[in-house]
Structures are given as structure tokens and as C-alpha cells.
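[1] Need a 3D model of the following:
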Amino acid sequence: MFGLERLRALHAVAAHGSVAGAAAALHVTPSGVSQQLAKLEREAGQPLLEPRGRGVRLTTAGHVLAGHAGRVLEQLARARAELDLLREDVTGTLRVGAIPTTLQALLPPALGALRERHPDLAVVLREGEAEESLPRLVSGELDVAVLDSWDNLPVQLPEGVVCVELMADVADLALPAGHRLAHRRVVDLAEVDDIGWIGWSVGTGCHGWLEHVLRGEGLGGRITSAVGGYPTQLALVAGTVGAAVVPRLGRVVVPEGVRMIATRPVLGRRILAVTRAEDVERGVVRACVDVLREVADRFTQGEVGVAR
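    Reported below is the predicted structural model:
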């Protein structure tokens, strides 16, 4: 009989490509994973791994058993989900990661609704961009990650996760009111070549996305200010420090001295709720995604407005 934790270790090595990667995903030491795999090889009666450079790779037998391990773990996850569905109340702990714009707009009413419906559910909330939240989701540190995927630079989702599209959003150009283009209804981004640009902190996905947009318009290298938070960016625009692109979902108040203008090309994105495939039917996860959909629908239908 194969031990469950040993099958889990083999499945993790197959998914992450190394013992170290499997150990990180399972929150154990590499030696702990190696010990589980050694016991599994004795149970299987044949080698499951073989050296490959400084790492390892699965043998044919390893691939066969890893496939069965995946199906066993999936079936156990379904069993847990069905048991959750039998419970009248959603209880326990829900761990959510979310990008800043959704923390400001979607999460407050969503978490309020969750508290009303499921008072025994404890929610742990973490702010983070996709590059931070997705690894935490895969490793089990988060149950749900709310993130964005830009049309011109889609997010790369890892294996083993599923996503639900909550809503579409658009980013507009923020210009100082006295700028020569501020009277326009639509502005070609390439025209904004006489002022610096304000982006998110260097090294973040949002900063990289703006660099990608500006390079495409022949404006590469023009980000002169890098700060976190759209309210701060808008305050800098009001101070004539530069121009910015700000999603409508992330706009609560537009300061005096700032004009919001549609862009050409349109800068669209999708807001996604991402979960591990094995958790999609868990009671707490399903309750969270359902309420996020409801709140997102309110924004889409105009029941909740954005600053113009």
C-alpha cells in the first residue's frame, strides 16, 4: 500500500520539477521529501527518480505512479469538497490575496457580505500583486487570489489553478488640467511625449506593465516617478509632476487639477478570482467567489460608480 504523504511528495516533484521545489510547495525540508520518495521507491519495488544534472527526473515508473497520485489526490479533494457542501454553515478560515485596486473597491463590500452570511468564517486578507499572490496560492498560503490580467499583457497562470472572471475594467489617462491635451476626450498615448510618466514602484508587475505600454507607443524610458498607490499617483499628476494611467476600479476621488481622458489604444483588463483546482468546490472558497461575483456585477451594472 502506498502512503498518502509519499504519493503527495512524488506528485509535487512531478509538478515542480525538483525536490527543492516540491519541498517549498509542501512546506517541508528537501531531506523530508527525499525520505518520503525513498520509502515510496521501496514500496513500488523500482526506481521512481533518476539523476539529471544537479537535479532529478522521473523514470517511466515514476511518471506512471505520479499520474495515479494526481488522481488519488484529486479524488480526496473532491471528497473534502462534498463534505463541505453537507455543512449548513461555512466556517473555518479563508485566506485571500488581492491587488490594491480590488482591496479598495471590491473587497470591502464583499467581505462585509461574507461576514453577514457566515459569521463564523474568519478571513485573513493579504495585499499583493499577481507575482506575489500566485506563488502563495499554489503553495497553499492563500485560498483565493484576486488579480488582474491586462489585454495587452495577460497574466501567466500556473498549472493546477482555475480562474473566474469577475469583471472587465479600463484604465484612463490622467493629465494635469493645464496640459495641452487635457481638453480632449480621447488621446493617443504616443502624443504624450512632453511630460514624464508616473508608475508603480520599480520591480512590481504594474511598473513592468506600464513600461510595456510605453515601449509599444515609442515612449520607452519616460517613467520618471515610481510610487505605490493610485491616490498618490493622482496627487502627483495634480502637482504637474507627470501623467499616469489609472484603472477606473482604482479611482475613488480625482483631485482638482486632474483630467481623466480615454486612451487610444484602449487599456483594458480583466479582474479574476483564482483558486487551486482542487479547492474550487470547497465551501469557504465557493462562498468567497460567489460574493465577489455579486459585488463585481454591481460595479458592472453601474450600481457603484467611479470617479471621473
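[2] helices or strands up against the helix or strand of the chain with the lowest mean pLDDT?
    Within the chain, no helix or strand scores below helix 60-86, which has a mean of 79 by mean pLDDT, DSSP states H and E. If you count contacts as 3 or more C-beta pairs under 8 Å, 6 or more residues apart in numbering; DSSP states H and E, helix 60-86 packs onto helix 4-16, helix 30-44, helix 283-300. No exception for glycine: its C-beta is placed from N, CA and C like everyone else's.
[3] And the longest one, how far out from the chain middle?
    Average the C-alpha atoms of helix 283-300, do the same for its chain, and the two points are 16 Å apart (C-alpha atoms, centre = their mean, to the nearest Å).
[4] average model confidence for it?
    Helix 283-300 carries an average pLDDT of 91.
[5] for the first one, same thing?
    Per-residue pLDDT over helix 4-16 has a mean of 86.
[6] hmm, back to that, save the helices and strands packed on helix 60-86 as CSV, and put in mean neighbour count and distance to residue 250 too.
    Formatted as CSV, the helices and strands packed on helix 60-86 follow (neighbours: other C-beta atoms under 10 Å; distance: least, C-beta to C-beta, whole Å):
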stretch, mean neighbour count, distance to residue 250
helix 4-16, 21, 34
helix 30-44, 17, 41
helix 283-300, 19, 12
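[7] can you pull the buried residues of the longest strand belonging to the chain?
    In the chain, assigned by DSSP state E, the strand with the most residues is strand 161-176. Neighbour-count burial for strand 161-176, counted by 16 or more other C-beta atoms under 10 Å, picks out 161, 163-164, 166-167, 169-176.
[8] Also compute the angle for it relative to helix 283-300, please.
    Per axes from the mean of the first three to the mean of the last three C-alpha atoms, to 10 degrees, the angle that strand 161-176 makes with helix 283-300 is 30 degrees.
[9] Contacts only, for residue 64.
    By C-beta atoms under 8 Å, 6 or more residues apart in numbering, no residues touch residue 64.
[10] which residues are in contact with the host helix or strand of residue 51?
    Per DSSP states H and E, residue 51 falls inside strand 49-52. For strand 49-52, the external contacting residues (C-beta under 8 Å, 6+ apart) are 13, 37, 41, 56-59, 62.
[11] Present the helices and strands packed on helix 60-86 as TSV; the columns should include distance to residue 275.
    TSV is the format used below for the helices and strands packed on helix 60-86 (distance: least, C-beta to C-beta, whole Å):
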stretch	distance to residue 275
helix 4-16	16
helix 30-44	25
helix 283-300	5
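[12] Let me know which of those helices is the nearest to residue 72.
    Closest to residue 72 of the helices and strands packed on helix 60-86 is helix 4-16 (C-beta to C-beta; 6.0 Å).
[13] ok, then the element right after the closest one?
    helix 19-26.
[14] ok, now which ones touch residue 233?
    Per C-beta under 8 Å, 6+ apart, neighbours of residue 233: 174, 198-199, 225, 227, 244, 246.
[15] any idea which helix or strand carries it?
    In this structure, residue 233 sits in helix 230-238 according to DSSP H and E.
[16] Can you give me the buried ones in that helix?
    The neighbour-count check on helix 230-238 (16+ other C-beta under 10 Å) flags 230-231, 233-238 as buried.
[17] CA-only coordinates of it, as PDB, when you get a sec.
    What follows is helix 230-238 as a C-alpha-only set of coordinates in PDB (Å, rounded to 0.1, in the frame of the first residue of the first chain):
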ATOM      1  CA  TYR A 230      -3.100  55.300  -7.400                       C
ATOM      2  CA  PRO A 231      -4.200  58.100  -5.000                       C
ATOM      3  CA  THR A 232      -0.500  59.100  -4.700                       C
ATOM      4  CA  GLN A 233      -0.100  59.000  -8.400                       C
ATOM      5  CA  LEU A 234      -3.100  61.200  -9.000                       C
ATOM      6  CA  ALA A 235      -1.800  63.700  -6.400                       C
ATOM      7  CA  LEU A 236       1.400  63.900  -8.300                       C
ATOM      8  CA  VAL A 237      -0.500  64.400 -11.500                       C
ATOM      9  CA  ALA A 238      -2.400  67.300  -9.800                       C
END
